[in-house]
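Engineer: Sequence plus the predicted model coming up.
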Amino acid sequence: MTLAYDTTGDGPTLVLLHSAACDRRMWDPQWSALAGAGYRVVRPDFRGFGESPLQDRRHNDAENVLDLLDRLGVEQAVLVGSSYGGRVAVEIAARRPERVSAMMLLCSGLPGHEPGAELQAFGEREDELLEAGDVAGAVELNLDTWLGPDADEGVREQVRVMQRLSFDVQLAAPEGAGRRAVEIDLSAVKAPCLAVSGGHDVADFREIAARLPGLLSDARHLELPWAGHLPSLERPAVVTDLLLGFLRETASAG
């Protein structure tokens, strides 16, 4: 079963990989600008998010994205990953380095990262709320945790809708569904990488972004002091300009 996805534009391919608090709609603010700048833009929903249902067997998100690129005839792409989407991007770049020309990681996760106290406490509280049937409470917990001070009520409502749908899809998952992890070697990653962190984000993600230049062969770190965990929604125009600048350096549309 193919992932739900959108594609638009012509030129070098960009793949936008969403956060686990959202689905592919989180890229709405960047969508037209990236296509207009001369890129072919692809955005999938991971399994269990948006319009991609879970199956009755375990899946690997990196493999699913690669399968989608094969179907679309894309041999190489720039990966732009937010949070969990960044984690998937790193896995793709490690397992199939020839398929990735560059990566921009926004408040990214990292395969093999052990959660710190703050992130672990969040996960435990989310589990408590979901086990008690308080899905709305779990949604609000995510909004309060992941959105920074620049997120207005319109952005909060966008994330609220996406997060609620993700919970509904995942809570209805068939028996046997779930993610299948794969060990990777970060030294295999060759693509140039810009690792962005947010000054108001959970410590884990700030630390991952700061560590990536020492873990990858060609990475640099930039912290946005105003940002929470979802800067592409909090100040979309700023992040669009940042992304376009990175693309001019690494994957010019000519």
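Structural biologist: Perfect, I can see it now. Numbers count the residues shown, from 1 in each chain.
Engineer: quick one, what contacts E98?
Structural biologist: If you count contacts by C-beta atoms under 8 Å, 6 or more residues apart in numbering, E98 has them with Q76. Where you see a C-beta, it was placed from the backbone N, CA and C, and this is true even at glycine.
Engineer: And it, what's its pLDDT?
Structural biologist: For E98, the pLDDT comes out at 98.
Engineer: With L194 instead?
Structural biologist: We have a pLDDT of 98 for L194.
Engineer: From the chain's centroid, how far away is the strand or helix carrying V161?
Structural biologist: Per DSSP states H and E, V161 falls inside helix 153-171. Distance of helix 153-171 from the chain centroid (C-alpha atoms, centre = their mean, to the nearest Å) equals 15 Å.
Engineer: Contacts made by it with the rest, please.
Structural biologist: 20-23, 25-26, 48-50, 53-54, 130, 135-136, 138-140, 142-143, 146-147, 151, 230, 233-234.
Engineer: Whichever of those residues end up buried, select them in ChimeraX.
Structural biologist: Here is the ChimeraX command that selects the buried residues among those (16 or more other C-beta atoms under 10 Å):
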select :20,21,22,23,25,26,48,49,50,53,54,130,138,139,142,143,146,147,151,230,233,234
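Engineer: quick one: average pLDDT of stretch 236-253?
Structural biologist: Computed over stretch 236-253, the mean pLDDT rounds to 94.
Engineer: ok, back up a step: report the buried residues of the helix holding V161.
Structural biologist: Applying 16+ other C-beta under 10 Å to helix 153-171 flags V155, Q158, V159, R160, M162, Q163, L165, S166, F167, V169, Q170 as buried.
Engineer: Show me what L105 bridges to in the sheet.
Structural biologist: L105 forms beta bridges with G81, A195, as assigned by DSSP bridges.
Engineer: and the gap between it and G86?
Structural biologist: Distance of L105 to G86, computed by C-beta to C-beta, to the nearest Å: 4 Å.
Engineer: hey, where'd the strands end up in the stretch 101-250 of the chain?
Structural biologist: Using DSSP state E, counting those that start in this stretch, the strands of the stretch 101-250 of the chain run over residues 178-179, 193-198, 219-224.
Engineer: for those strands, which one ends up most surrounded?
Structural biologist: strand 193-198 (a mean of 25; mean count of other C-beta atoms under 10 Å).
Engineer: What ranges does the stretch 1-150 of the chain have for its helices?
Structural biologist: 28-36, 61-72, 84-95, 117-131, 135-146 (DSSP state H, counting those that start in this stretch).
Engineer: can you list those helices in JSON lines and add mean pLDDT?
Structural biologist: Listed next are the helices of the stretch 1-150 of the chain as JSON lines, based on pLDDT from 0 to 100:
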{"stretch": "helix 28-36", "mean pLDDT": "97"}
{"stretch": "helix 61-72", "mean pLDDT": "97"}
{"stretch": "helix 84-95", "mean pLDDT": "98"}
{"stretch": "helix 117-131", "mean pLDDT": "96"}
{"stretch": "helix 135-146", "mean pLDDT": "98"}
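Engineer: So which of the ones you listed is nearest S187?
Structural biologist: Closest approach to S187 among those is made by helix 84-95 (8.3 Å; C-beta to C-beta).
Engineer: what sits against the residue lying closest to A237 once chain neighbours are set aside?
Structural biologist: In space, and not counting its chain neighbours, A237 is closest to P29: 7.7 Å by C-beta to C-beta, 6 or more residues apart in numbering. Neighbouring residues of P29 by C-beta under 8 Å, 6+ apart: S232, L233, P236, A237, T240.
Engineer: okay, now H113: neighbour count?
Structural biologist: A count of nearby residues for H113, using other C-beta atoms under 10 Å, gives 15.
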